[in-house]
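Trainee: Got a predicted model here, sequence first, then my questions.
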Amino acid sequence: MRKSLSVVLGCLLVTGVMGVSSAFALSQPAVNLGFTSFLDGGPPAGPGYYFTEYIQFYTADEIADAGLPDPGVDVWVSLNQFIYQSQGKWGLNVILPIVSLDVNPPLTDNGAGLGDLLIGPYIQWAPVMGPNGPKMLNRVEFQTIWPTGKYDSDRDLNPGSNHFSFNPYWAATVFVAPRFTTSWRIHYLWNDENDDTGVKPGTAWHANFTAAYEVDPGKLRLGVNGYFFDQISDTEVNGVGLGSVDKEKIFAIGPGAVWHANKDTHFFFNAYVESSAKWRPEGERFNLRGVWHF
């Protein structure tokens, strides 16, 4: 027996897979695992409009607990992000993903297409200041993921999820020393039911975390970046919980850098190696991100 497999891509997104056999039902949507990293607690150039382009490649040659002989998964994601930061505390974040999928048989994919639209109003607090500059930046966003992407219930992997998700987060950057910073973004994930399959993925929490040192003041930071995902409640199929089956977990860590071309242009690079997977793919992720302030 095969269940449909879905992939949700967004603001922040990552490859998720939904079950390929009666004993395997990895159902969580793809969320922001590793897309954002250094200096995440606030916009880099204050109020105004921002455009951010993310290009991410994800590849995995195993799916933990799936029992598949050669479950190759390759995903290219382009996230097109538009942000407005007001002169006050509030702002708005909108992301439109474009996704390209390629998998090995017996899995099937729905090719390339638009992913699900992300919309997130947020509150950006004023910096916590110290005697020599900011000590902490932080923000809360009420992020929503809308099922607008390409979807076919007969395909295992899709650019869209076919269900709504609520994925709020708290992001912060702490200036530990004048040239040393640490940042995090902690999400809660709630999923609605997929009307075509009857699958309602369980709730989860996930986070990105980084530490960076400014090796060239005002120009270059180098550091380490990582993420984790931990499902905390049962996935349900037609209202029946699956128990410990399908409770997804993953951990990843790797090197990263951010180059400040000028005060309005910034480039990020992140690489991740995954481990400790349960009921989901385990592979490598590479992320390139450009931020422009207008």
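Mentor: Right, received. Where do you want to start?
Trainee: show me where the chain has helices.
Mentor: For the chain, applying DSSP state H gives no helices.
Trainee: residue closest to the middle of it?
Mentor: N32 (1.0 Å; C-alpha atoms, centre = their mean).
Trainee: And that residue, how close does it get to A211?
Mentor: The spacing between N32 and A211, counted by C-beta to C-beta, to the nearest Å, is 19 Å. (C-beta placed from N, C-alpha, C; glycine too.)
Trainee: Kindly report the same for T181.
Mentor: T181 sits 7 Å away from A211, going by C-beta to C-beta.
Trainee: Between these two, point out the one with more neighbours.
Mentor: For T181 versus A211, neighbours defined as other C-beta atoms under 10 Å are more numerous around T181 (24 against 17).
Trainee: who does that one bridge with?
Mentor: Beta-bridge partners for T181, by DSSP bridges, are F175, A212.
Trainee: who are the neighbours in contact with the residue nearest to I98 when sequence neighbours are not counted?
Mentor: What sits nearest to I98 in space, not counting adjacent residues and going by C-beta to C-beta, 6 or more residues apart in numbering, is S78, at 4.4 Å. Taking C-beta atoms under 8 Å, 6 or more residues apart in numbering as the criterion, S78 is in contact with 53-55, 97-99.
Trainee: and of these, the nearest to V291?
Mentor: Nearest to V291 among these, counting by C-beta to C-beta, is E53 at 8.4 Å.
Trainee: How about the contacts made by the residue lying closest to K219 once chain neighbours are set aside?
Mentor: Distances taken as C-beta to C-beta, 6+ apart place H260 nearest to K219, at 5.6 Å, with adjacent residues excluded. H260 is in contact with 44, 218-221, 266, counting by C-beta under 8 Å, 6+ apart.
Trainee: which one of those residues has the most neighbours?
Mentor: R221 (23 neighbours).
Trainee: Would you confirm that it contacts F38?
Mentor: Yes: taking contacts as C-beta atoms under 8 Å, R221 lies within contact range of F38: 6.0 Å.
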